[in-house]
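Novice: need the 3D shape of this:
(one chain, ligands or ions: 1)
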Amino acid sequence: MNDVKTPGGENKPYIRVDNLKKYFHTKRGLLHAVDDVSFTIQKGETLGLVGESGCGKSTLGRCLIRLLESTAGHVVLHDEKTGVETDITKVSSSVMKELRKKVQIVFQDPYSCLNPRLSVWELIAEPLIVNSVFTGKNAMRARIRELMNTVGLAERLENNYPHELDGGRRQRIGIARSLALNPEFIVLDEPVSALDVCIQAQILNLLNDLQKQFHYTYVFISHNLSVVKHVSDRIAVMYLGKIVELADYKELFVKPTHPYTQALLSAIPVAKLDVQKERIILEGDVPSPIDPPSGCRFMGRCSYCQDICRKETPDLKEVLPNHFVACHLKGA
Ligand code: SF4
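Specialist: Numbers count the residues shown, from 1 in each chain. Have a look, this model is predicted:
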C-alpha cells in the first residue's frame with residue numbers, strides 16, 4: 001500500500017487501486033502490461049484512461065473488475081452504505097460472482113462481443129438468466145423492455161440478430177447488457193472507437209445521460225484524447241504500463257506537464273485555420289514492455305532526458321494540487 005498521498009482527491013474513495021501489477025509470461029520474457037499503478041476513483045466520477053495502443057490501459061481496466069487476475073496489488077471497493085471495504089483481487093469466486101453485479105464492462109467491438117446466434121432479446125436476457133434475477137417471465141419481460149428503452153433500442157428490434165443491426169445499435173445492446181444487473185461501476189473499454197463519428201456522439205451522450213440518471217462510476221478507456229476530454233472528470237495518461245500524469249481534465253489540457261502528455265496534446269488537430277499549433281514529434285519507438293529497462297520508461301523518446309532518468313524510475317508525485325506527474329524534472 002502507498003504511504004504517499006494517493007492520486008484521486010480528498011474524500012473516501014469508492015475505488016482504491018494500490019500498487020497494481022499485471023505481468024504476462026511470454027516466450028521472450030515477462031511482459032509488464034501494468035506495472036505498479038496506484039490511484040483512486042470517487043463515486044459517480046468518470047476517470048479517463050488514455051495512452052497509445054499497447055500501453056496497458058485495457059489490461060488495467062480488466063484487472064479493475066477482475067476479468068484478469070492481477071499479479072500483485074489491490075483493488076479495494078468501498079461500500080458507502082455499510083462502510084465495508086472489499087479487495088476484489090482477493091475475494092473467493094462465490095463472493096466475486098455477487099460483486100459482478102456491481103462491476104461491469106462495455107467492450108470495444110460491438111461486432112465481435114455479441115453472440116451472433118442470439119437475438120437482441122436473448123442477449124439482454126442472458127445476464128438476468130445467468131444470475132437468476134427473475135423467476136417469473138413477465139417480470140423479466142418488463143425488465144428487458146425497460147433496458148431497451150433506457151438505451152434507446154426500439155422494442156420492434158427484440159427479435160433481430162446482431163448482424164441485422166448497425167454498429168451503434170449493437171453497442172446499445174452491449175450497454176443494456178452491462179446495465180441489466182444495476183451496476184455501480186462500469187469499465188468502458190474504447191466503447192466508441194469502432195463506430196462512425198456521428199454514432200460516437202450518440203453513444204457518448206447516452207453514457208453521459210445514464211450516468212446523470214443512475215450515478216454510475218465510469219472508467220473510460222480510449223486512445224483518443226478528444227473523446228476522453230468530452231466525458232471525463234479526471235484523466236490518467238498511461239505510458240508502457242505506468243501512469244505518467246493524472247489530473248482534472250481541464251487542468252490536463254491547460255497545463256500538460258509530463259513531456260509525453262505534452263506530445264500527445266500537440267498532436268490533436270485544431271479546427272481553426274488561423275491557429276498554428278507547434279507539433280511535438282516524438283523520436284524513436286515505444287520500447288518493448290518485455291523486461292523494460294530501469295529508469296524512466298519514456299527516456300528513449302524524451303528530449304529532456306538526464307542522467308537520473310536512466311537510473312531511477314520517477315514516482316507519480318503531486319506537483320500541483322491534485323495534479324500528479326511521474327517525471328524527475330517536475331515538482332519537488
Ligand atoms: Fe523525460 Fe526524465 Fe521526465 Fe522521463 S523523467 S519524462 S526522461 S525528463
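Novice: Q200 touches H230, doesn't it?
Specialist: No. Distance between Q200 and H230: 9.5 Å, which falls outside the contact criterion (CB atoms under 8 Å). C-beta coordinates here come from the backbone N, C-alpha and C atoms, glycine included.
Novice: the stretch 101-250 of the chain: helices as residue ranges?
Specialist: For the stretch 101-250 of the chain, the helices defined by DSSP state H, counting those that start in this stretch occupy 120-130, 137-150, 167-179, 197-214, 225-231, 249-254.
Novice: report the inter-axis angle for the fourth one versus helix 137-150.
Specialist: So the one you mean is helix 197-214. Taking axes from the mean of the first three to the mean of the last three CA atoms, to 10 degrees, one finds helix 197-214 and helix 137-150 inclined to each other by 120 degrees.
Novice: got a list of contacts for helix 197-214?
Specialist: By CB atoms under 8 Å, 6 or more residues apart in numbering, the list of residues contacting helix 197-214 from outside reads 44, 46, 150-152, 166-168, 171-172, 175, 179, 182, 188, 191-192, 195, 216, 218, 220, 227, 230-231.
Novice: if we use 10 Å, what do you get?
Specialist: Contacts to helix 197-214, defined as CB atoms under 10 Å, 6 or more residues apart in numbering, come from residues 44-46, 106, 110, 150-152, 166-169, 171-172, 174-175, 178-179, 182-184, 186, 188, 191-196, 216-218, 220, 224, 227, 230-231.
Novice: for ChimeraX, what selects the buried ones among the residues you listed?
Specialist: Of the contacts of helix 197-214, the buried ones go into a single ChimeraX selection, burial set by 16 or more other CB atoms under 10 Å:
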select :45,46,106,110,150,151,152,167,168,169,171,172,174,175,178,179,183,184,186,188,191,192,194,195,216,217,218,220,227,230,231
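Novice: wait, what's in contact with L265?
Specialist: Taking CB under 10 Å, 6+ apart, we find L265 in contact with L225, K229, V237, L252, F253, V254, P256, K277, I280.
Novice: are any of those residues buried, and if so which?
Specialist: Applying a neighbour-count criterion of 16+ other CB under 10 Å, the buried members of the contacts of L265 are L225, K229, V237, L252, F253, P256.
Novice: what residues sit buried inside stretch 318-332?
Specialist: Taking 16+ other CB under 10 Å as the neighbour-count basis, stretch 318-332 is seen to contain the buried residues E318, V319, H323, F324, V325, A326, C327, H328, L329, K330, G331.
Novice: doesn't the second one fall inside a helix?
Specialist: So the one you mean is V319. No. In this structure, V319 is strand, not part of a helix, as judged by DSSP: H, G, I helix; E, B strand; the rest coil.
Novice: check what pLDDT the residue nearest to it when sequence neighbours are not counted gets.
Specialist: Distance criterion CB to CB, 6 or more residues apart in numbering; nearest residue to V319, sequence neighbours excluded, is G331 at 3.6 Å. The pLDDT attached to G331 in the predicted structure is 74.
Novice: got it, and L179?
Specialist: The per-residue confidence score, pLDDT, reads 95 for L179.
Novice: and it, what does it touch?
Specialist: Counting by CB under 10 Å, 6+ apart, L179 touches Q104, V106, I124, P127, E146, L147, T150, V151, I186, L210, F214, Y216.
Novice: please convert the residues you listed to CSV, extending it with distance to D18 and pLDDT.
Specialist: Converted to CSV, the contacts of L179 look like this (distance: CB to CB, whole Å; pLDDT from 0 to 100):
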residue, distance to D18, pLDDT
Q104, 22, 96
V106, 25, 95
I124, 35, 96
P127, 29, 94
E146, 37, 95
L147, 34, 96
T150, 34, 94
V151, 34, 94
I186, 21, 97
L210, 29, 95
F214, 28, 94
Y216, 23, 96
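Novice: now stretch 56-74, how far from the centre of its chain.
Specialist: What separates the centre of stretch 56-74 from the centre of its chain is 11 Å, taken as CA atoms, centre = their mean, to the nearest Å.
Novice: before we move on, what about stretch 44-60?
Specialist: The chain centroid and the centroid of stretch 44-60 are separated by 4 Å, computed with CA atoms, centre = their mean.
Novice: what's around the residue lying closest to V95 once chain neighbours are set aside, how many residues?
Specialist: Setting aside the residues directly before and after it, V95 is nearest to T86 in space (CB to CB, 6+ apart), at 7.6 Å. By other CB atoms under 10 Å, 18 other residues sit near T86.
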